[in-house]
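> Provided below for reference: sequence and predicted model.
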Amino acid sequence: MSFTIHSIMEILKSKESTADTVLSDGEINIEAYYLKSTSSINVNFLEEDILAKSECHYILLEGEAEVSLPLERTYLKAGDVYSEYNFRKFNIYAITDCKLIAVNNMPSNGINTHHNSLTEAIRQVEDADKYLKGHNARVGKYTGAILRGLQPNIDWSMAMLAASFHDVGKLVIPMDILNKPGKLTPEEFEYIKKHPAATYELLQGAVSDEVAKLARWHHEKLDGSGYPDGIKGDEIPLPSRAMAVADIFDAITTSRIYRDAKSFDEALKVLHAEVKEGKLDEDCVNMLEKSIELGVIKEGVDNEILHFEEE
């Protein structure tokens, strides 16, 4: 490639770049991506790219991201470069809002961004209920902390993505129910119970059916008392168990229209009580607690993050 990373960055600084900007000197292509937290780029090299011995380099300009392959994971911070020569399918997941550029000597026909419409749907849900601001993004982060702590050698990026959109189905819930300050009636709660299945339907086409089901089952309980399907025990995949713990934890530690936020310690007591009742996965709760002890999740920081807000 004829450009150095420094010269590429200088070119980008001189441009009024917008999302998916593509520059080319006839030999290489330069693409700029502006990714919101929890969105991703899925990269899939086509057969003609492989035969052409193509190469691609990703340079993270701002934020934090992660490159995920089936058996390996690479964390990127601002200034890091990830290079790919083996033409494997991989995913670049935005941990925070970030900017990156892709430099390659091939057409960008194998590179696609996804989930923009879902991110907008989450924005609509969170705009409808100000107490849900940042909830989906935080549940994605907490779910990732639990899963990575339990099984660090597995790629959990798609499970984290499902967790980050777990409540998109609340678009089907009437606003007066979402914003009700008092206790819900049985009929109103039946409306609320529709949102996991609605989330599953909305995720169809954006992710695989397997990943969409992870979000569908985030309100299932080990004793079978959850919803929408009433599955129990080992029928509930580990990511959904982690998501259930993360969802309850965030609901307790952030303010809602009907009560103020409680402390991390108070939330953990509630979670451990549900473990004793046979509802939540003990390993997931213990790993969440360990993540807090290790500083992976920080009180007064993570539970106050408001994602998806306009700059």
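Great, that's in hand.
> Name the nearest residue to residue 277, ignoring sequence neighbours.
residue 223 (7.4 Å; Cβ to Cβ, 6 or more residues apart in numbering). Any C-beta I mention is one placed from the backbone N, CA and C, and that applies to glycine too.
> gap between that neighbour and residue 236?
Here the distance between residue 223 and residue 236 works out to 11 Å (Cβ to Cβ, to the nearest Å).
> what's the following helix or strand after the helix or strand that contains residue 242?
Using DSSP states H and E, residue 242 sits within helix 238-253. Following helix 238-253 in sequence order, the next helix or strand is helix 264-276 (DSSP H and E).
> packing partners for that following helix?
The contact analysis (3 or more Cβ pairs under 8 Å, 6 or more residues apart in numbering; DSSP states H and E) places helix 264-276 against helix 238-253, helix 282-293.
> got those helices as CSV, with mean pLDDT and mean neighbour count columns?
Formatted as CSV, those follow (pLDDT from 0 to 100; neighbours: other Cβ atoms under 10 Å):
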stretch, mean pLDDT, mean neighbour count
helix 238-253, 96, 25
helix 282-293, 96, 19
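> Make a markdown table from the ones you listed and add distance to residue 150 to it.
Output for the helices and strands packed on helix 264-276, formatted as a markdown table (distance: least, Cβ to Cβ, whole Å):
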| stretch | distance to residue 150 |
| --- | --- |
| helix 238-253 | 7 |
| helix 282-293 | 5 |
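> Show me the one of these that comes nearest residue 162.
helix 238-253 (7.0 Å; Cβ to Cβ).
> Can you read off the backbone torsions of the residue nearest to residue 277?
Main-chain torsions, residue 223, degrees, to the nearest 10: phi -90, psi 0.
> so what's it up against?
232, 277-279 (Cβ atoms under 8 Å, 6 or more residues apart in numbering).
> now, which of those sits nearest residue 170?
Among the contacts of residue 223, residue 279 lies closest to residue 170 (Cβ to Cβ), at 22.0 Å.
> residue contacts, that closest one?
Counting by Cβ under 8 Å, 6+ apart, residue 279 has contacts 221-223, 225-226.
> cool, and residue 140?
38, 160-161, 163-164.
> mind running it again at 10 Å?
37-38, 93, 95, 159-166, 243, 246, 307 (Cβ atoms under 10 Å, 6 or more residues apart in numbering).
> Inside helices: which ones of the residues you listed?
The helices, defined by DSSP state H, take in 159-164, 243, 246 from these.
> Just the element for residue 58, please.
strand 56-62.
> Show me what that strand packs onto, helices and strands only.
helix 5-13, strand 29-35, strand 40-43, strand 64-69, strand 72-77, strand 81-84, strand 90-94, strand 98-104 (3 or more Cβ pairs under 10 Å, 6 or more residues apart in numbering; DSSP states H and E).
> before we move on, back to that, confidence-wise, which of the contacts of residue 140 comes last?
Model confidence across these bottoms out at residue 307, which has 32.
> Tell me how far the residue nearest to residue 277 lies from residue 238.
Counting by Cβ to Cβ - residue 223 and residue 238 are separated by 17 Å.
> Please name the nearest non-neighbouring residue to residue 240.
Leaving aside its chain neighbours, residue 240 sits nearest to residue 217 (4.0 Å; criterion: Cβ to Cβ, 6+ apart).
> got it, and residue 33?
Leaving aside its sequence neighbours, residue 33 sits nearest to residue 100 (Cβ to Cβ, 6+ apart; 5.3 Å).
> And that neighbour, how far from residue 40?
11 Å.
> Show me whatever sits in contact with both of the two.
Residues touching both residue 100 and residue 40 (Cβ under 10 Å, 6+ apart): 65, 92, 94.
> Of the residues you listed - the most surrounded one?
Within these, most neighbours by other Cβ atoms under 10 Å means residue 65, with 28 neighbours.
> Now do the contacts for that one.
Here residue 65 is in contact with 33, 35, 37, 40-41, 58, 74-78, 80, 82, 92-96, 98-100 (criterion: Cβ under 10 Å, 6+ apart).
> make it 6 Å
76, 92, 94-95, 98 (Cβ atoms under 6 Å, 6 or more residues apart in numbering).
> what does residue 232 give?
Contacts of residue 232 (Cβ under 6 Å, 6+ apart): 222, 224.
> In the stretch 201-311 of the chain, where is pLDDT below threshold?
Low-confidence segments of the stretch 201-311 of the chain (pLDDT under 70): 205-206, 257-258, 300-311.
> Test my guess that residue 98 contacts residue 33.
No: in this structure residue 98 lies outside contact range of residue 33 using Cβ atoms under 6 Å: 8.3 Å.
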